[in-house]
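J.: Sequence below, structure please.
(chains A and B)
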Amino acid sequence: MFHQHDNRHLPRVVHLAVAILATAAFFTAARAEEVTVKIDNFTFTPETLTVKPGTTVKWTNVDDIPHTVTSATRGTFKSQALDTDDTFTFTFKEPGTYEYFCALHPHMTATITVEGKVGEVAPDAGAKMNPGAHSSPHSGTH
Amino acid sequence: MSERDQHDGVNRRKVLECMTWAGTGVLWTLSGGVPRSLGLVDQALAAEPQGLTFLQISDSHIGFDKPANPNAIGTLEESINKIKTLPVKPAFMIHTGDITHLSKEKEFDDAQRIISQAGLDTHYVPGEHDIIDPEVKIYKERYGKDAKGAGWYSFDANGVHFVGLVNVANLKAGGQGSLGADQLKWLADDLAGKSASTPVVVFAHIPLWVVYKEWGWGTEDAAQALDLMKKFGSITVLNGHIHQVMQKVEGNVTFHTARSTAFPQPAPGTAPSPGPMKVADDKLRSVLGIAEVTMRQGQDRLATIVDTALQG
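T.: Predicted coordinates:
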């Protein structure tokens, strides 16, 4: 019962925070595309993906086993081990073919092709996004 | 084998004693390169205090808490308790990797606390789950201080040469398990001085033969390692990783994989992926377990391996 009472005082603060986050998310989303890849049943889905330069790809592991997202040929991106529901993002700026795999289960392979001119999307897309890789392990029950 | 058959009468009682703990244990003995499932007598002989008997446990995955087994700590404890009640105390234990699920300090701590209760020296090799801490250093700090490279080493016990290999590091896209050039060179040097009559036991996490390539259940350069061993008359290869018992014999090489103590995985190709397999709660312990390996010098140069489930 005390929890319900407490909650009545929270919304204004929460709403403000949510509004700020939503605004930030809106501007980010407006400037750069985000595409998702699911890691499920020891498979990257989709296994092949074509995106424009500046696109952020977000991988989510939904398996009960950890996986990684590791660049195979270019050494350009490498996630930590992603436990269940963990995510990893990387923004692809340069055109090219990016093969990647799971460093724990290397039979899991996939490819991202970045096609188009570098300037095809808003020039500040990369700058506003985190230009590098970012893992966000959600705290699990471990 | 005929020699053993003569022991029939002597060992009947021992057989029965043995069966009380053996559960669904499967016994294979290997002679002349042909595996043969044997009767109870030989199972009893495996418990005789002769030669060298050691244990293998594998894939304890401490930290795993998903539906296939929410309590991997509990089933490791049960496995260790089973080991403590074996009629013949094993000389030592090997752990063929995936000690932890996510290479966390606490997971290693929990595993160590439980496994040490067996009161046996334990020799480890890492699984891929043991080297995924951000700096890839915890496994080596704890278990690989005296080992080479990513954690490979050898030791001798009762005239048997043991080699612990690492085939889970620096894996290449599209490939399977891999030993790598440095480790193969070390292996060649390590084996160079050994006489051909020395029994050799090789243990590593991922199978050193191709169980199922589509799931990466194999080691791409294992053939080179086995080539280095071909002069030896008795080679026993012990692996984990696939969470089920598999056995194959090729000439004088016995390949064997042990069950996990944490969760089962599907038989090759029988499921969309090799991930953890959920079985009925009352069936779980019948697909988890340990393996007991006996090397009997002078009688049988090949190993006898008994797989014991936690529950029949």
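
J.: Walk me through the regions of chain A where pLDDT falls short of the threshold, as ranges.
T.: Applying pLDDT under 70 to chain A picks out residues A:1-32, A:74-75, A:118-142.

J.: And the helices in it, which stretches?
T.: A:2-9, A:11-31, A:125-128 (DSSP state H).

J.: Repeat that for the stretch 151-300 of chain B.
T.: Taking DSSP state H, counting those that start in this stretch, the helices of the stretch 151-300 of chain B run over residues B:181-192, B:222-228.

J.: What helices and strands are in contact with the longest one?
T.: Counting contacts by 3 or more Cβ pairs under 8 Å, 6 or more residues apart in numbering or on different chains; DSSP states H and E, the secondary-structure elements packed against helix B:181-192 are strand B:160-164, helix B:222-228. Just so you know, the C-beta spots here come from the backbone N, C-alpha and C atoms, and that holds for glycine as well.

J.: Stretch A:71-83: which residues count as buried?
T.: By neighbour count on 16 or more other Cβ atoms under 10 Å in any protein chain shown, the buried set for stretch A:71-83 is A:S71, A:A72, A:T76, A:F77, A:S79, A:Q80, A:A81, A:L82, A:D83.

J.: Which ones, among the residues you listed, also lie beside chain B?
T.: Among the buried residues of stretch A:71-83, the ones lying close to chain B by the criterion of Cβ under 8 Å from any Cβ of the partner chain are A:A72, A:Q80, A:A81, A:D83.

J.: And the contacts of the helix or strand where B:I73 lies?
T.: For B:I73, the host element (DSSP states H and E) is helix B:72-84. Contacting residues not belonging to helix B:72-84 are listed as B:21, B:55, B:57, B:60-65, B:69, B:90, B:93, B:101, B:110-111, B:114-115, B:117-120, B:261-263, B:284-285, B:288-290, B:308, B:310 [Cβ atoms under 8 Å, 6 or more residues apart in numbering or on different chains].

J.: Among those, which ones are in helices?
T.: B:W21, B:D110, B:A111, B:I114, B:I115.

J.: Quick one: buried ones out of those residues?
T.: Neighbour counting by 16+ other Cβ under 10 Å classes B:D110, B:A111, B:I114, B:I115 among these as buried.

J.: Listing request: residues of the stretch 1-150 of chain B with sub-threshold pLDDT.
T.: In the stretch 1-150 of chain B (pLDDT under 70), the answer is B:1-50.

J.: Up against chain A, what does it have?
T.: Contacts of the stretch 1-150 of chain B with chain A, taken as Cβ under 8 Å from any Cβ, map to B:63-68, B:101-104, B:106-107, B:128-129, B:132, B:134.

J.: swap in the stretch 201-312 of chain B?
T.: Residues of the stretch 201-312 of chain B lying near chain A (Cβ under 8 Å from any Cβ): B:K213, B:E214, B:W215, B:G216, B:P272, B:S273, B:P274, B:G275, B:P276.

J.: Make a ChimeraX selection of whichever of those turn out to be buried.
T.: Only the buried entries of those go into this ChimeraX selection, using 16+ other Cβ under 10 Å:
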select /B:215,216,273,274,275,276
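
J.: Columns pLDDT on top of the residues of the stretch 201-312 of chain B next to chain A, output as TSV?
T.: Shown next, in TSV, are these (pLDDT from 0 to 100):
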residue	pLDDT
B:K213	95
B:E214	95
B:W215	96
B:G216	96
B:P272	95
B:S273	95
B:P274	97
B:G275	96
B:P276	97
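
J.: Which two among the ones in helices among the contacts of helix B:72-84 are spaced furthest apart?
T.: The most widely separated members of the ones in helices among the contacts of helix B:72-84, counting by Cβ to Cβ, are B:W21 and B:D110 (25.5 Å).

J.: re the thing from before, possible to save the buried residues of stretch A:71-83 as a markdown table with distance to B:V202?
T.: Shown next, in a markdown table, are those (distance: Cβ to Cβ, whole Å):
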| residue | distance to B:V202 |
| --- | --- |
| A:S71 | 33 |
| A:A72 | 29 |
| A:T76 | 37 |
| A:F77 | 35 |
| A:S79 | 32 |
| A:Q80 | 31 |
| A:A81 | 27 |
| A:L82 | 32 |
| A:D83 | 31 |
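
J.: Of the residues you listed, which belong to strands?
T.: Of the buried residues of stretch A:71-83, the ones assigned to strands by DSSP state E are A:S71.

J.: farthest-separated two in the buried residues of stretch A:71-83?
T.: Greatest spatial distance in the buried residues of stretch A:71-83: A:T76 and A:D83, 23.1 Å, computed using Cβ to Cβ.
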